[in-house]
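> Here is my input; please provide its structure:
(chains A and B)
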Amino acid sequence: MVLSGFLSLEVSPALGMSTGPTDNLYLDMDLSQLMQVTITSVSKKPQTLGNTPAAVFVISQEDIRRSGATSIAEALAMAPGIQVSQISSSKWSISSRGFSGFISNKLLVLIDGRSVYSPVYSGVFWDAQTTMLEDIDRIEVIRGPGGTIWGANAVNGVINIITKKAQDTQGGLLRAGFGTQERLQGAVRYGTKINEDAFARFYAMGNDRESNRLKESGLDAGDSWNTMQTGFRADGVVGTRNEWTLQGDLFRNQGDQILFPYWLSTAPYVVSKHTDFDDNGGNLLAGWQHRFGEHERLSLQMYYDYAARDEDFYNISYRTFDAAVQYETRLGARHDITAGAGFRHIRGDNEATFQSYFPSRTDEVFSLFLQDAFHLIPDRLIITVGSKYEHTPYTGSEWQPSGKLLWAPSEHHSYWASIVRAVRTPSVLEDGGTVTFSNLPPPYGMGYVASSGSEDFAAETALSYELGYRWQPYQSFSFDLALFYTEYDDLYTFRPRPSERGLDLVFTNGVAGHNYGAEVAMTWKPKSWLSLAGTYSYLQSSYKPDTIVSPLDQNISDLFEKMQPMHQFGLRSSLDLAHNWQLNAWLRYTDSFIGGNVTSISAELPVDGSVDGSADLSVNLIWKPRPDMECMLAGQNLLNSGQLYYNSEHLTPPTEIKRGVFGKITWRF
Amino acid sequence: MLRLFRLFLFLFLFWTSLWVVSRVADVQAEECNHEYHLKAAFLVNFAKFITWPEQALPADQQDFILCVVGKDVFGSALDGVESKTVGGRTVRVVRVKSLKNVPTCQMLFISPSEADNLSLIDRWATGGQKAAVMVSDVFNFIEAGGHIQLIVTDNRLSFVVNHTAMRKLGLQANSSLLSLASTVY
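As a prediction, this is how the structure comes out:
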């Protein structure tokens, strides 16, 4: 009874059958019935989204569940403007608005406010991010610069992975599954109430994945991968004004990999090395929030994070301590002020290998930010102005200002425009590290060639102009468009410099250019049993070297232009076949592009990095024999027996991701 | 240069056409604010469980007056309310701009826009003729001396009742209302 009333409200406007004022159907219900009606997050989400002057896309828990995704990386492909290209079973290139690569350095990623962006090479080790998917509340994907709030390295986007509060994961959950590529998967979670004001959960999970195959030879790509992670989260309130959270995770992932080209100091100088890797780490995070009033809030957050990798290429470990405070208040009736300060202490303990050298160093970063949202017309016309100031040990002071305008002429439409400056601060590698690119002695090559960090290397900068429009005429239909034009300056290039051992390619700021594009996201639920979601992204890039010192300058800026697909599109459909059967399908298309990063250009083994346009289809069938049980049969990469999604990454030989089928059962108790 | 011009021309036309389409569609669009549709129904239901002192709601009064104070967050959600009756009286909705100037009514809904002026509710917390039930979804409403605060728990609407404050004004809540409340003070 309650449910049907709720649904009819949702569906009839979508079909456009009712005009004129609707009757409020809830008025006929009594209080106990009313208390059973859920206020769906759907009604809340677009409201907050509609008031955000940025290109935001939210991937909900329901989206993740229905997608059949088995990793965060895979789930991110649902967002427009994001390129997710799987390199091998454990490696991905994930980038926003261009600049793809395993070393994709312009996208900041946070899990519950904890940065997982590695200071080593400026990027994210996706194989170390194995959060239990059922715990994720939502993933907010923000394309475009987010430097004013999130700080350096949020040049082309920010991904916020937000896990559920402990009170939302009460009771038990057991998941078990097996398949061809997803060989084994298992997870257990239990949530309990500690007292009237506090809740906690504990979880443990693991995945074991099959290897893929090499593109050239069709042989086994030696990239099998298994992951284990465990952790807890506790949340509670003190009185009506204080909220706290305490959470922690421990993980260990191991896998096989082929490193190619793998350079040696002596003959035969280069080999294809079958080897393994081991990464492990843990973190502990505490947060506290106090509300002084309706518009006044103080939040504190601290975390400690340890992450280590042990493999033939890297042998690194990082300890990070981070503390941040944020204060929000309203001045007068029209100014919403947000102020924040942060401190981060990072200690690296790294060992050199013949492949790479990352200096062990200890760094401290300080930051302050201030932002004012000025409501010219309350809830209708809002100007937001702010800036972050950051002091980094590499480049000193960095300012990242932004100006944004939001105009919402009605609750169904909003327009926004923004101008934002963002910077990417140098990585340990760019400041003083080394990566071996080649070691072929004459007459075959030039001897030892390696990248060389430089203290003169300054931050890369971006200035982005964006326009956006959101339209949600009904609950069941939404349309989101973002247009952008971004100017980049001081992008890196290499300048050759003879060294004692051979040739150094020194990191230098020397490429500038721009890109522009459009991103569209639509959702439509024409019937109560059918929902559709589509995305389209267009991207055009143009870069030029400031001066041409060596052919490398031109090659690198040419690669920057081609290293991302011009067109990407995705279509997801969800069909409720009967009350306990669901059929979900997800089709993706990625245009051709050139894979590989700059290191492959400068290596003396020429690699053809081109990746053809590719389509990818995954389909799954969900059956709920009982309300507390869910069975899924899923197929991944269904269109081809194996497909190359990324190519010629510096260390991984071109690998075709194989078609896979798996089944899993989830039981909640 | 020409390419840039074409791009901007394209964007302009695209933008304009989107705007036109959206305006047309807007006319047919429904307000789908479930949360406040629900809250409106809660208000009417509350009224059914409360008895007012004779001075505040004389037997011969035909209407039950519901005042919405501050920015009208309900939109169309209140449209059907006036066809409802409370204790044989027809519900009348009166929209008032701020807490500073509220006419006599039996129930006040205080919008979030008035959150900073909650200290003014003391003015209406006098008994006698002015005894009105004060309801709001502002988060510290009970602390500020309000009567019923709507809260969201587990994605559902619930409410907290300050029965002590209500009784001071001679307002009596029925026991079944109190039993449904998540907390009673």
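> From here on, just use CA atoms for contacts and neighbour counts.
OK.
> What is the neighbour count of the residue of the stretch 51-200 of chain A found nearest chain B?
When distances are taken as Cα to the nearest Cα, the stretch 51-200 of chain A reaches nearest to chain B at residue A:168, 7.8 Å away. By other Cα atoms under 10 Å in any protein chain shown, the residues close to residue A:168 number 15.
> Low-confidence ranges, the chain, go.
Picked chain A for this. Low-confidence regions of chain A, defined here as pLDDT under 70, cover residues A:1-23, A:38-50, A:596-607, A:648-650.
> try chain B instead
If you take pLDDT under 70 as the line, chain B has these spans: B:1-12, B:14-33, B:124-128, B:154-155.
> Show me where it has its helices.
Remark: helices assigned in chain B by DSSP state H are B:2-28, B:34-48, B:163-168, B:175-180.
> check contacts around the most centrally placed residue in chain B.
The centroid of chain B falls nearest to residue B:109 when counting by Cα atoms, centre = their mean (4.2 Å). Contact analysis of residue B:109 by Cα atoms under 8 Å, 6 or more residues apart in numbering or on different chains lists B:66-69, B:134-136.
> Check the gap between it and residue A:576 for me.
Summarising the geometry, the distance separating residue B:109 from residue A:576, computed by Cα to Cα, to the nearest Å, is 40 Å.
> same check, this time on residue A:152
Separation of residue A:152 from residue A:576 (Cα to Cα) stands at 44 Å.
> Run through the bridge partners of residue 158.
All of this is about chain A. With DSSP bridges as the criterion, residue A:158 is bridged to residue A:108, residue A:142.
> that's the wrong chain, I wanted chain B
Partner residues in beta bridges with residue B:158, using DSSP bridges, are residue B:151.
> looking at it, it is touching residue B:137, isn't it?
No. Assessed by Cα atoms under 8 Å, residue B:158 is found out of contact with residue B:137, at 10.3 Å.
> and the contacts of residue B:109, which of them are in strands?
Among these, the members falling in strands (DSSP state E) are B:66-69, B:134-136.
> Please name the bridge partners of residue A:636.
Beta-bridge partners, per DSSP bridges, of residue A:636: residue A:660.
> what sits against it?
Neighbour list for residue A:636: A:617-619, A:659-661 [criterion: Cα under 8 Å, 6+ apart].
> Likewise for residue A:142?
Neighbouring residues of residue A:142 by Cα under 8 Å, 6+ apart: A:54-57, A:157-159.
> tell me the phi and psi of residue A:32?
The phi/psi pair for residue A:32 (degrees, to the nearest 10) reads phi -70, psi -30.
> correct me, but it touches residue B:178?
No. The pair residue A:32 / residue B:178 is not scored as a contact, 12.0 Å apart, by Cα under 8 Å.
> Now do the shared contacts for those two.
Contact with both residue A:32 and residue B:178 is made by no residue, according to Cα under 8 Å, 6+ apart.
> Show me which of those two is the more surrounded one.
Regarding residue A:32 and residue B:178, a neighbour count based on other Cα under 10 Å identifies residue B:178 as having more, with 18 against 13.
> and the nearest residue to that one once chain neighbours are set aside, how many neighbours?
Residue nearest to residue B:178 in three dimensions, not counting chain neighbours: residue B:184, with 6.7 Å by Cα to Cα, 6 or more residues apart in numbering or on different chains. By other Cα under 10 Å, the residues close to residue B:184 number 15.
> Now that residue A:577 has come up, it's in contact with residue A:529, right?
Yes. Residue A:577 sits in contact with residue A:529 when judged by Cα under 8 Å, with a separation of 7.4 Å.
> and the helix or strand hosting residue A:494, how far out from the chain's middle?
Taking DSSP states H and E as the definition, one finds residue A:494 inside strand A:477-498. When C-alpha coordinates are averaged (Cα atoms, centre = their mean, to the nearest Å), strand A:477-498 and its chain have centres 17 Å apart.
> and what of stretch A:527-535?
A distance of 24 Å separates the centroid of the chain from that of stretch A:527-535, by Cα atoms, centre = their mean.
> Going by neighbour count, list what's buried in it.
By neighbour count, and taking 16 or more other Cα atoms under 10 Å in any protein chain shown as the criterion, the buried residues in stretch A:527-535 are A:527, A:530-535.
> ok, now stretch B:68-78?
In stretch B:68-78, counting by 16+ other Cα under 10 Å, buried: B:68-74, B:76-78.
> hmm, back to that, in PyMOL, select just the buried ones from the ones in strands among the contacts of residue B:109.
Selection of the buried residues among those in PyMOL, burial being defined by 16+ other Cα under 10 Å:
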select buried, chain B and resi 66+67+68+69+134+135+136
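> Tell me the one among the ones in strands among the contacts of residue B:109 nearest to chain A.
Within those, distances to chain A taken as Cα to the nearest Cα reach their minimum at residue B:136, with 12.5 Å.
> Which strand or helix spans residue A:336?
When secondary structure is defined using DSSP H and E, the element that contains residue A:336 is strand A:335-350.
> Up against chain B, what does the stretch 351-500 of chain A have?
The stretch 351-500 of chain A has residues A:412, A:471, A:473-475 near chain B, with proximity defined as Cα under 8 Å from any Cα of the partner chain.
> Just the buried ones from those?
Burial by neighbour count, 16+ other Cα under 10 Å: within these this picks out A:412, A:471, A:473-475.
> Farthest pair within those residues?
By the measure Cα to Cα, those have their two most distant members at A:471 and A:475, which lie 10.7 Å apart.
> Residues contacting stretch A:660-669, please?
Surrounding stretch A:660-669, the residues in contact under the criterion Cα under 8 Å, 6+ apart are A:171-183, A:628-638.
> Buried subset of the residues you listed as a PyMOL selection?
Command for PyMOL that selects the buried part of those, burial taken from 16+ other Cα under 10 Å:
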select buried, chain A and resi 172+173+174+175+176+177+178+179+180+181+182+183+629+630+631+632+633+634+635+636+637+638
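> between residue A:152 and residue A:576, who's got more neighbours?
Ranked by neighbour count (other Cα under 10 Å), residue A:152 and residue A:576 place residue A:152 first, with 29 against 17.
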